[in-house]
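Asks: build the 3D model from these lines:
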Amino acid sequence: MADTSKQPASAPSRRKAGRHRGEGQWAAGHFTPLNGNEQTKKDDDGLNVRTRIETIYAHRGFDSIDGADLRGRMRWWGLYTQRKPGISGGKTAVLEPEELDDEYFMLRVRIDGGQLTTRQLRTIGEVSQEFARGTADITDRQNVQFHWIRIEDMPEIWRRLEGVGLSTTEACGDTPRVILGSPVAGIAADEIIDGTPAIDEIHRRVIGNPAYSNLPRKFKTAVSGSPLLDVAHEINDVAFVGVEHPDHGPGFDVWVGGGLSTNPKLGVRLGAWVPRDEVADVHEGIVSVFRDYGYRRLRTRARIKFLVADWGAEKFRQVLEDEYLLRRMADGPAPSSPVQQWRDHIGVHQQKDGRYYVGFAPRVGRVDGGTLAKIADLAESHGSYRVRTTAEQKMIVLDVAEDEVQALTDALEALDLTARPSVFRRGTMACTGIEFCKLAIVETKARGSSLIDELERRLPDFDEPVTINVNGCPNSCARIQVADIGLKGQLVTDSDGEQVEGYQVHLGGSLGMEPGFGRKVRGLKVTARELPDYIERVLRNFHAQREDGERFAQWAARAEEGALK
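Replies: Numbering: from 1, shown residues only. I've put the predicted structure just below:
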């Protein structure tokens with residue numbers, strides 16, 4: 001088991017810090033100098049801010065909130081200030097934080113493993129309608145995000161959510177974030193191993209635990225025993241991937257160091273096989289390695305991917321085993337490549353118990369509270385009490401009897417939640433964008449939705465799997481580098497010489513079958529207005545030039561630049 005005695009305030013100094021300040025690694029004795037974020041965390045644990053929210057800020061209002069709480073510690077409870085309306089993308093990097101801040105918040109509800117009961121989903125819908133002006137976006141990390149939240153309403157929102165077993169604890173901040181899990185864990189007929197008990201134990205041990213509430217940066221975890229590799233394990237800080245060991249049976253292969261943003265890196269295998277009942281031990285050890293050895297001096301190098309890149313998998317595994325687990329892990333095999341490109345569980349599929357699950361596609365994750373409440377009602381009226389969110393901004397109703405499937409899919413279709421989506425509806429994701437995000441430069445949600453409509457109209461017979469990921473800034477919340485067509489929002493110059501919203505294009509990224517980052521074509525930037533024309537042109541070129549069985553990512557890697565412009 002990991003050594004949980006290493007508390008942030010008394011992390012051990014294994015050697016004296018010399019004159020060189022190093023990377024800010026506690027385990028190397030480098031505790032100073034502190035950047036602003038590290039100082040804020042040292043001054044007070046982010047978990048403590050909830051008391052101030054409930055006893056002071058909710059009563060005195062937005063103007064009473066301490067600045068370090070407002071733009072720092074409140075994230076430990078899922079709260080970010082949202083973007084003030086009317087501020088253009090050109091101002092994003094120019095204005096001070098207080099000039100960008102609106103007096104309303106985004107609130108993130110963590111949904112570990114994507115697991116929801118219909119009662120929980122209905123509560124989310126009710127909170128959305130009463131406190132968030134109907135907003136309720138499904139993210140690509142299986143969470144739900146509200147907007148327009150008032151600080152005065154937070155005590156009641158927490159009461160409602162926690163009353164049905166939901167939480168916003170460490171949904172943001174330099175903490176262990178939501179744990180991704182296969183949305184069909186425990187029911188899929190082809191599952192290698194059910195990761196749900198491991199997710200539950202990880203959550204019990206680390207979430208809300210002060211031993212892990214001051215990490216160098218955010219920490220993302222994924223656990224899945226699905227052969228579809230359905231949790232984007234390659235781009236998580238740590239991932240446990242279901243494999244069959246030739247001697248020990250089903251268990252998990254361990255990956256570390258994945259992440260995107262402005263310095264994308266794919267995770268690497270430690271070469272270790274872990275049985276399910278030891279996953280939480282290994283996870284706790286890896287979080288501890290990150291806490292103690294992670295780079296804290298520069299925030300731009302504070303993710304675990306930089307430590308793993310510098311150390312390599314062999315050293316990382318050795319430190320984990322020698323200093324934290326105090327034992328060797330078994331060597332094990334790599335996961336097999338998935339047999340299909342889609343990993344979202346869309347459509348009607350039989351469960352191992354003979355019932356069915358129905359996966360359906362909201363538009364770029366955008367739903368509303370009223371719709372979520374209706375989904376809960378529909379599920380129950382067709383005999384189901386369990387729903388799931390996916391890592392592709394989709395949803396699933398579980399446990400549907402065969403004679404209820406058609407009625408359920410028809411009812412979902414009437415809500416514009418189709419279980420038979422077009423390629424473009426199925427494959428398009430979008431981040432929050434400039435509507436609410438203070439980091440964004442361009443619009444994303446509405447543009448992604450209109451792009452779906454336009455491509456369906458122009459290319460009604462196109463049926464090859466293709467992903468189109470729309471991001472409002474360089475931070476890649478919508479995974480632009482690993483999409484077939486990744487669109488990074490920025491201001492570009494149009495044909496009239498005007499600065500307008502547009503996108504840098506990444507082509508041919510992928511996860512799963514052949515993971516890799518997309519190709520950037522020299523000088524290729526597209527205005528928002530040109531976007532449907534551009535994507536139509538590229539997809540027609542792909543259709544005309546592809547070889548038998550060739551996927552878009554494979555074609556984009558070999559295509560002449562002219563075919564990609």
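
Asks: can we go C-alpha only for contacts and neighbour counts from here?
Replies: OK.

Asks: now for the one residue sitting closest to the centre of the chain: which residues touch it?
Replies: Taking C-alpha atoms, centre = their mean, the centroid of the chain lies closest to Arg141, which sits 3.1 Å from it. Residues in contact with Arg141 (C-alpha atoms under 8 Å, 6 or more residues apart in numbering) are 178, 180, 390-393.

Asks: reformat those residues as a markdown table; add distance to Leu487, pLDDT and neighbour count.
Replies: Conversion of those to a markdown table gives the following (distance: C-alpha to C-alpha, whole Å; pLDDT from 0 to 100; neighbours: other C-alpha atoms under 10 Å):
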| residue | distance to Leu487 | pLDDT | neighbour count |
| --- | --- | --- | --- |
| Val178 | 25 | 98 | 27 |
| Leu180 | 24 | 98 | 31 |
| Thr390 | 21 | 98 | 29 |
| Ala391 | 19 | 97 | 23 |
| Glu392 | 16 | 97 | 27 |
| Gln393 | 17 | 98 | 29 |
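
Asks: now, those residues that are in strands?
Replies: Among those, the ones falling in strands (DSSP state E) are 178, 180.

Asks: got a pLDDT number for the residue nearest to the centre of the chain?
Replies: Per-residue pLDDT puts Arg141 at 97.

Asks: before we move on, what about Pro8?
Replies: In this prediction, Pro8 carries a pLDDT score of 43.

Asks: cool, Ala185 as well?
Replies: Here the pLDDT value assigned to Ala185 is 98.

Asks: leaving out sequence neighbours, find the closest residue to it.
Replies: For Ala185, ignoring the flanking residues on the chain, the nearest one in space by C-alpha to C-alpha, 6 or more residues apart in numbering is Asp194 at 5.3 Å.

Asks: how close does that neighbour get to Val308?
Replies: Distance, Asp194 to Val308, using C-alpha to C-alpha, to the nearest Å: 28 Å.

Asks: also Glu278?
Replies: Using C-alpha to C-alpha, one obtains 22 Å as the distance from Glu278 to Val308.

Asks: more neighbours, these two?
Replies: Here Glu278 and Val308 are compared on neighbour count by other C-alpha atoms under 10 Å; more neighbours surround Val308, at 23 against 16.

Asks: tell me how far the closest residue to the more buried one other than its chain neighbours lies from Gly113.
Replies: With C-alpha to C-alpha, 6+ apart as the criterion, Val308 has its nearest non-adjacent residue at 5.6 Å, and that residue is Gly257. Distance, Gly257 to Gly113, by C-alpha to C-alpha: 20 Å.

Asks: with Lys220 instead?
Replies: Counting by C-alpha to C-alpha, the separation of Lys220 from Gly113 is 12 Å.

Asks: shared neighbours of the two, which are they?
Replies: Counting by C-alpha under 8 Å, 6+ apart, the common neighbours of Lys220 and Gly113 are 178-179.

Asks: which one's more surrounded, those two?
Replies: Comparing Lys220 with Gly113 by neighbour count (other C-alpha under 10 Å), the higher total belongs to Gly113, at 29 against 23.

Asks: surely the more buried one is within a strand?
Replies: No: according to DSSP: H, G, I helix; E, B strand; the rest coil, the state of Gly113 is helix, so it is not within a strand.

Asks: excluding chain neighbours, what is closest to it?
Replies: Leaving out its chain neighbours, Gly113 is closest to Gly181 (C-alpha to C-alpha, 6+ apart), at 3.8 Å.

Asks: looking at it, the one you found is touching Ser224, isn't it?
Replies: Yes: Gly181 is within contact range of Ser224, at 5.3 Å (criterion: C-alpha atoms under 8 Å).

Asks: what residues are shared contacts of those two?
Replies: Residues touching both Gly181 and Ser224 (C-alpha under 8 Å, 6+ apart) are 195, 231.

Asks: which non-adjacent residue is nearest Ser336?
Replies: Pro227 (7.4 Å).

Asks: can you tell me the element that neighbour falls in?
Replies: Here Pro227 sits in a region with no helix or strand, counting by DSSP states H and E.

Asks: ditto for Tyr295
Replies: Per DSSP H and E: Tyr295 is located in neither a helix nor a strand.

Asks: what number of residues lie near it?
Replies: Neighbouring residues of Tyr295 were enumerated by other C-alpha under 10 Å; the total is 25.

Asks: residues contacting it?
Replies: The contact partners of Tyr295, taken as C-alpha under 8 Å, 6+ apart, are 23-25, 216, 301-304, 307.

Asks: which stretches of the stretch 201-350 of the chain form helices?
Replies: Assigned by DSSP state H, counting those that start in this stretch, the stretch 201-350 of the chain shows helices spanning 279-293, 304-311, 313-319.

Asks: average pLDDT across the longest one?
Replies: The pLDDT scores in helix 279-293 average 98.

Asks: how about that helix as CSV, C-alpha atoms only?
Replies: This file holds the C-alpha atoms of helix 279-293, laid out as CSV (Å, rounded to 0.1, in the frame of the first residue of the first chain):
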residue,chain,number,x,y,z
VAL,A,279,-5.5,-1.1,-8.1
ALA,A,280,-6.3,1.4,-5.3
ASP,A,281,-2.9,0.7,-3.6
VAL,A,282,-1.0,1.3,-6.9
HIS,A,283,-3.1,4.4,-7.6
GLU,A,284,-2.4,5.8,-4.2
GLY,A,285,1.3,5.2,-4.7
ILE,A,286,1.3,7.0,-8.0
VAL,A,287,-0.6,10.0,-6.6
SER,A,288,2.0,10.1,-3.8
VAL,A,289,4.9,10.0,-6.3
PHE,A,290,3.3,12.9,-8.1
ARG,A,291,2.7,14.8,-4.9
ASP,A,292,6.3,14.4,-3.6
TYR,A,293,8.3,14.4,-6.9
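
Asks: helices or strands up against it?
Replies: The contact analysis (3 or more C-alpha pairs under 8 Å, 6 or more residues apart in numbering; DSSP states H and E) places helix 279-293 against helix 196-206, strand 238-245.
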